[in-house]
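Asker: My questions are about this predicted structure, shown below with the sequence.
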Amino acid sequence: MDFVGVIIIKMKKILFKSFKILQKTFYLVRYDGIVSITYKSYHRYVEGGRKAVTKGINIRYKLLLKENTLRQYEVWMNTVEKRDKEKRDKEKKHMDYNPLISILMPTYNTHVKWLEQAIDSVLAQDYTHWELCIADDASTLKSTLTLLKKYDKKYPNIKIIYRSENGHISKASNDALGLATGEYVTFLDHDDTLAPFALREVVKIINKNRAIELIYSDEDKIDEENRRFEPHFKSDWNPDMFFSQNYLSHLSVIKTDIIFKTEHFRVGYEGSQDYDLILQCLKFIESKNIYHIPKILYHWRAIEGSTAKESTAKSYTTEAGIKALEACFKNDKGVTICQGLLPNTFKVDYPIIDEPLVSIIIPTKDNYQLLFQCISSILEKTLYRHYEIIIVDNQTSQKEALDYLEALSSINNITILKYEYVFNYAKINNYAVRQAKGDYVAFLNNDIEIINTLWLNEMLQHAQRKEIGIVGAKLYYEDMSIQHAGVILGIGGIAGHAHKYFDEEAHGYFSRLKIIQNYSALTAACIVIKKSIFKEVGGFEETLEVAFNDIDLSLKVLEKGYRNLWTPYAQLIHHESKSRGLENTPEKKARFDREILFMKEKWGVKLLEDKCYNPNLTLEHEDFSLKIEERN
């Protein structure tokens, strides 16, 4: 790229950063007032210059976002949750099937305030066919033992075993399991609480489908004053997310028969013993028999030293989680496990088998600088070498671009195809796939720039898995804010990009920017897929000339029973819309409206029921904020 081009890109990055700071400043002015912001910024500038001002704005912005999130959750509790309660109160209480649910609770020197609240939350259940199985792990606090004996004496459905020696949580949990006689087992930490309707919601689902073997719910946290915060509204069953972190956590309910097929709570896995148990259970459970209840049924106590308070509070939990995953994948040749990008997250690496040929397909027209940047970054920064590049030239007329294409045609693994028709993204790529020699196809826009050398290794390892369809990457704008980190169906009517505009280092909603996971759809600006799967689903829908053809492809792949996957370990810059421009002409807007109509007519309600999202989260924004309006 020439000197002028480099300067232009650097200037754009500076402007992007300045624009983002300006956006944050306007946000702060709305809440703190212009006088306060000006006063604080002036003094920061005097003390530390421009960097101090920027740092101050960023810190206050994050704090204000956190405060607003708390307010938003309070509104949600007073509207959506309140309406759910009113609806529940009107429901018929009788159910045909009333299974006994065994609640396991290991205790050890628990503060009586928290232990009493935990047990009382079980007693407050509006579903009464339960037993509480407590194993005290040789507590030395007299107050803990006195409280347990009080409950033991008063309530026949509270069973307590008093261990004579401390054996830690796995042994205590197994002793609690030994007391269980219920058809289903669930778990309650000794300082947490259940929502009063938790068990009834679980049994309602079991009554609808007796084949269900694993149920989990959404959860939130409670502080020492019993104030609720940080709700975790989870994805439906998301296997690759679960292999990246124990997102099921609380409340989890498992059929007892399944647990007794496992090695129970294994000694040596303390800190992730519950994660290990579920990983063992998954060997005996089909995905169709896992059910997610999108309601807050569990309140996780956040006190000093707890994992709920901060993820680094118990570092051994990450090590135990790695050990549990290693045991889970021990029969999968070549699979390795390591810590993920954050504490208590994990990375499962799959071997690349036989180093298959990957066909990288890039449509282009004119715009020499973009294409040069794209191709150069592939050639210089792609560690995986067994690939071919297929460039589809869609009526290039600029001399500089034509000369560059001519030069590229002399490189052995680069092919230039001519497409002499009006632009149609779907047709162009379908045409290129028919010429591709590889067993795997990587679709790239010509405004993509590679920034990490392992991008293709990271994507190909998952594309090779028999259960995986499309693999997507983490894409940044030029200022390194998030452009694509998976696609959420329903946002804006059709689909939107998860975490759009988030900062490069942001963790995202419950670490979702930092973990491998399944998404319903992915953007074709950078995806990898088996050529056989692409052909199996009929390729890109050619009626969708520009927009949504990748969403349509993703949904067709899901229909065939494959999972789509997004990885944060493949990172690229997407100089979005540089090659074709924006949708700002009457013709482009009319075409866009036709494509929206096509998607709604073809996919209907599926566009509003994203199983990798949650019905409690908004479809108006891409930031995982709460949906306050009433659910259906």
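Answerer: Good, I have the coordinates.

Asker: What segments of the stretch 351-500 of the chain are helices?
Answerer: Assigned by DSSP state H, counting those that start in this stretch, the helices in the stretch 351-500 of the chain fall at 368-381, 399-408, 425-435, 455-463.

Asker: Please state the mean pLDDT value computed over stretch 591-611.
Answerer: The pLDDT scores in stretch 591-611 average 94.

Asker: If you average pLDDT per helix and strand, which one of this structure comes out bottom?
Answerer: Counting by mean pLDDT, DSSP states H and E, the chain has its least confident helix or strand at helix 3-32, which shows a mean of 56.

Asker: Tell me how many other residues surround the nearest residue to residue 111 once chain neighbours are set aside.
Answerer: Nearest residue to residue 111 in three dimensions, chain neighbours excluded: residue 191, at 7.2 Å (Cβ to Cβ, 6 or more residues apart in numbering). Heads up, the C-betas are built off the backbone N, CA and C, glycines and all. As a burial measure, residue 191 scores 20 neighbours (other Cβ atoms under 10 Å).

Asker: cool, and the one 3 residues further on?
Answerer: Other residues within reach of residue 194 by the criterion other Cβ under 10 Å amount to 23.

Asker: Just say helix, strand or coil for residue 236.
Answerer: The local conformation at residue 236, judged by DSSP: H, G, I helix; E, B strand; the rest coil, is coil.

Asker: How much space separates it from residue 173?
Answerer: 27 Å (Cβ to Cβ, to the nearest Å).

Asker: Which one of these two is surrounded by more residues?
Answerer: A count of neighbours by other Cβ under 10 Å puts residue 173 above the other of residue 236 and residue 173, at 24 against 17.

Asker: host element of the more buried one?
Answerer: Element membership for residue 173, per DSSP states H and E: helix 168-179.

Asker: all helices for the stretch 151-300 of the chain, in order.
Answerer: Taking DSSP H, counting those that start in this stretch, the helices of the stretch 151-300 of the chain run over residues 168-179, 198-208, 239-242, 256-259, 273-281.

Asker: Need the CA coordinates for the last one. CSV is fine.
Answerer: What follows is the C-alpha trace of helix 273-281 in CSV, where atoms were taken according to Å, rounded to 0.1, in the frame of the first residue of the first chain:
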residue,chain,number,x,y,z
GLN,A,273,-17.4,-30.8,41.0
ASP,A,274,-20.8,-29.7,39.8
TYR,A,275,-19.4,-29.0,36.3
ASP,A,276,-17.7,-32.4,36.3
LEU,A,277,-21.0,-34.1,37.3
ILE,A,278,-22.9,-32.5,34.5
LEU,A,279,-20.2,-33.3,32.0
GLN,A,280,-20.4,-37.0,33.1
CYS,A,281,-24.2,-36.9,32.8
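
Asker: what is the rounded mean pLDDT of that helix?
Answerer: Mean predicted confidence for helix 273-281 is 98.

Asker: For it, name the packing helices and strands.
Answerer: Where contact means 3 or more Cβ pairs under 8 Å, 6 or more residues apart in numbering; DSSP states H and E, helix 273-281 is packed against helix 168-179, strand 252-255, helix 256-259, helix 316-328.

Asker: Comparing these, which comes out most buried?
Answerer: Mean neighbour count (mean count of other Cβ atoms under 10 Å) peaks for strand 252-255 among these, with a mean of 22.
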